[in-house]
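>>> pasting the structure only:
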């Protein structure tokens, strides 16, 4: 393996000078920097981050863990994290752990051993067990979720965003609005979004109609069935995620109902999924890439790890419209699902 001493000998400088160059420090001429960079390239030298961590108590590595979140949402957060980290000279170690606690624990122990500069969790609450596994010296922050306890986080105000989404449907003229909620165990996302919906419906003196999903596509069809059994005359459905919203659009069309002429559909998140359905999905947007960038900035300023609330905004596309005065379409139900289309809003 090529060492820093090999690079120093090749460039005709001291190992200390090589260290300053590769770490972006000052104290050398442009000519020296060029010689060192050429030597690094010629010898295919790679910085030993672990060895550096043993000396500095920190490596230039950020851990990014996605315990249980949709691929579309996670990818947009990841893009923001990776762009900001690379601009600051940090590498990102990604862990797709699912909900398996053993996987999460394994990654956290590895990141602690590796002396990571910090850890970012996507849509996962920071628990006492998480902090214990990571140790006291590694900062950690969550993205797209906030437990309101003051823990380090970057998130939107989920309750207000759901309230604003429901108010939008009400302003369009809808009064029979169903909610397809997320996983009831998600007390830090599903619960506040449901509170926002209920607050808007109560203020408008409208009767709430709710069904439970899981945030994922597969729960969309069952949710539609539940909502329409409770209220066959629904004119709008608000889904707590774009994945469920896309499933709602497809299921309504399978049943012969037109979107938005018969039923408007509004999603949540503004992930790429919202464009993979016809008509494209109106949605309440989280600034996911910006949230990823902000998490890196806060993580590397470890004294600035309080909660950060990011702005949300409504994006109107073809899946929402005022309720129609015409009778609903009575087209026969087709067993075939419509093909997804990638459309630009």
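Looks like it came in fine. Since this is a predicted model, take the numbers as computed values, not measurements. Residues are numbered from 1 along each chain as shown.
>>> For the rest of this, base every contact and every neighbour count on C-alpha atoms.
OK.
>>> pLDDT at residue 96, what is it?
Residue 96 is assigned 76 on the pLDDT scale.
>>> Same check on residue 142?
The model's pLDDT for residue 142 equals 93.
>>> And the strands in the stretch 201-345 of the chain?
Applying DSSP state E, counting those that start in this stretch to the stretch 201-345 of the chain gives strands spanning 209-212, 236-239, 264-269, 282-285, 307-309, 313-315.
>>> So what are the sheet partners of the longest one and their directions?
Read that as strand 264-269. strand 236-239 (parallel), strand 282-285 (parallel) (DSSP bridges).
>>> Worst mean pLDDT among the strands of the stretch 201-345 of the chain?
strand 307-309 (a mean of 92).
>>> Where do the helices of the chain begin and end?
4-11, 15-22, 30-43, 49-56, 71-87, 101-113, 128-134, 158-171, 190-203, 220-230, 242-254, 288-300 (DSSP state H).
>>> So for residue 180, which of those sits nearest?
Ranking these by proximity to residue 180 (Cα to Cα) places helix 220-230 first, at 6.2 Å.
>>> Same list (the strands paired with strand 264-269) but as JSON lines, adding mean neighbour count and distance to residue 95.
Converted to JSON lines, the strands paired with strand 264-269 look like this (neighbours: other Cα atoms under 10 Å; distance: least, Cα to Cα, whole Å):
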{"stretch": "strand 236-239", "mean neighbour count": "29", "distance to residue 95": "28"}
{"stretch": "strand 282-285", "mean neighbour count": "25", "distance to residue 95": "25"}
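>>> In a markdown table, list these along with distance to residue 248.
Listed next are the strands paired with strand 264-269 as a markdown table, based on distance: least, Cα to Cα, whole Å:
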| stretch | distance to residue 248 |
| --- | --- |
| strand 236-239 | 8 |
| strand 282-285 | 12 |
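>>> Which of those strands sits closest to residue 134?
Closest among these, using Cα to Cα: strand 282-285, at 31.8 Å.
>>> Let me see the domain layout of the chain.
4-47, 59-156+290-309, 158-286 (automatic domain parsing).
>>> which one of the ones you listed is the most hemmed in?
Across these, averaging neighbours per residue (mean count of other Cα atoms under 10 Å) puts domain 158-286 on top, at a mean of 22.
>>> The strands of the stretch 201-345 of the chain: which one's closest to residue 296?
So among the strands of the stretch 201-345 of the chain, strand 307-309 is nearest, using Cα to Cα, at 12.3 Å.
>>> for that closest one, packing partners?
Here strand 307-309 touches strand 153-155, going by 3 or more Cα pairs under 8 Å, 6 or more residues apart in numbering; DSSP states H and E.
>>> same thing but 10 Å
strand 140-143, strand 153-155, helix 288-300 (3 or more Cα pairs under 10 Å, 6 or more residues apart in numbering; DSSP states H and E).
>>> returning to that earlier point: what's the least confident stretch among the helices of the chain?
helix 49-56 (a mean of 49).
>>> Give me the distance between residue 297 and residue 291.
10 Å (Cα to Cα, to the nearest Å).
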